[in-house]
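Asks: sequence plus the predicted model coming up.
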Amino acid sequence: LKGIETKSLLVRCTNYGESDKIVTLISQDLGKVKGIAKGARRSIKRFGGCLEPFTLVNMVIRPQKGLSFLEEAHVLKNFKTIKSDLSKIAYGSYMLELTSAMSLEGGNNEGGALYELLLKGIEDISVRKNPEEAAREYDMKILSMMGYLPSFLACAVCNGRLLEGNGRPFLRDASRSPDVGFSWARGGIICVECQKKSGEELSYVSVGTLKTLHAAALRTVSFTKNALAESEEIIPSFIAYHLGKKLKSLDFISSMKGV
Ligand SMILES: [Zn+2]
């Protein structure tokens, strides 16, 4: 079987045995691939020492059940601005881990869409001043692609619209802010009437944050400081709830932020 040459973003690279590397990547033509690069730590010729995250390569892959064979790689782009900035590494690592966790090997890759989304996300991290903003925007875009985008503008139970009228059906006691209830389990906001019936525990966000998150699924947006803080409260937890696990890179982000 001949190898397939395809553009790939390296997601995770670990040493294996004496001289090999196990690599997870998101490729344009094959989607998510996990493979072994034999002799990668010895062969400068075939891999040029380029097997590390935040690198875009042309990879020759021989697909196999289980671990594929990675035959050679040539660097197309090295995201140096990420590799030299701890905050960008932290949010970039989160983006890579999230993408890998949400995709199946050989699946979810109609027309290279996942690869394109991740490439755009990594480019965003490398150029935007605030990598957290790029990460939150990426959350919305990948959730949307995978069909998990939360309901931000309508009640996830009764489908009442938040932005019709004065939004009052969603606002709790006017003296408390933020005031719209969000349910991880139901994947969306819940109006006050439905909250009374369900009695479940909710996180609270403001209307402005909901609008920002909704828009972020569709286009590039800038987050206010408050929208970033509230998004960090609800989105990673929402994702963890649905993945059934917490992403490891979140601990790295927390320790970096000193919380
Ligand atoms: Zn409702």
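Replies: Yep, that arrived.
Asks: would you mind listing what in this structure touches the ion?
Replies: 155, 157, 158, 160, 191, 194 (C-beta under 5 Å from the ion). For the C-beta atoms, the positions are set from N, CA and C on the backbone; glycine is no exception.
Asks: ChimeraX command to pick out the buried ones of these?
Replies: In ChimeraX syntax, the buried subset of the residues of the chain next to the ion is picked out as below (16 or more other C-beta atoms under 10 Å):
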select :155,157,160,191,194
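Asks: in strands, which of the residues of the chain next to the ion fall?
Replies: In strands, judged by DSSP state E, none of the residues of the chain next to the ion are found.
Asks: export the residues of the chain next to the ion to JSON lines and tack on distance to residue 5 and pLDDT?
Replies: Converted to JSON lines, those look like this (distance: C-beta to C-beta, whole Å; pLDDT from 0 to 100):
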{"residue": "155", "distance to residue 5": "49", "pLDDT": "94"}
{"residue": "157", "distance to residue 5": "49", "pLDDT": "93"}
{"residue": "158", "distance to residue 5": "52", "pLDDT": "92"}
{"residue": "160", "distance to residue 5": "52", "pLDDT": "90"}
{"residue": "191", "distance to residue 5": "52", "pLDDT": "92"}
{"residue": "194", "distance to residue 5": "53", "pLDDT": "92"}
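Asks: quick one: low-confidence ranges for the protein?
Replies: Applying pLDDT under 70 to the predicted model, the residue ranges of the chain that meet it are 1, 107-109, 166, 174, 259.
Asks: which residues of it fall in strands?
Replies: Secondary structure of the chain by DSSP E: the strands cover 4-16, 20-27, 31-37, 55-62, 68-78, 180-183, 188-190, 203-205.
Asks: helices and strands around the fourth one, which ones?
Replies: The elements that strand 55-62 packs onto, with contact taken as 3 or more C-beta pairs under 8 Å, 6 or more residues apart in numbering; DSSP states H and E, are strand 4-16, strand 20-27, strand 68-78.
Asks: rewinding a little: possible to save the strands of the chain as JSON lines with distance to residue 120 and mean neighbour count?
Replies: Shown next, in JSON lines, are the strands of the chain (distance: least, C-beta to C-beta, whole Å; neighbours: other C-beta atoms under 10 Å):
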{"stretch": "strand 4-16", "distance to residue 120": "11", "mean neighbour count": "18"}
{"stretch": "strand 20-27", "distance to residue 120": "12", "mean neighbour count": "23"}
{"stretch": "strand 31-37", "distance to residue 120": "16", "mean neighbour count": "22"}
{"stretch": "strand 55-62", "distance to residue 120": "12", "mean neighbour count": "21"}
{"stretch": "strand 68-78", "distance to residue 120": "13", "mean neighbour count": "18"}
{"stretch": "strand 180-183", "distance to residue 120": "26", "mean neighbour count": "25"}
{"stretch": "strand 188-190", "distance to residue 120": "26", "mean neighbour count": "24"}
{"stretch": "strand 203-205", "distance to residue 120": "26", "mean neighbour count": "19"}
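Asks: and those strands as TSV, adding distance to residue 95?
Replies: What follows is those, written out as TSV (distance: least, C-beta to C-beta, whole Å):
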stretch	distance to residue 95
strand 4-16	9
strand 20-27	11
strand 31-37	14
strand 55-62	14
strand 68-78	16
strand 180-183	22
strand 188-190	23
strand 203-205	22
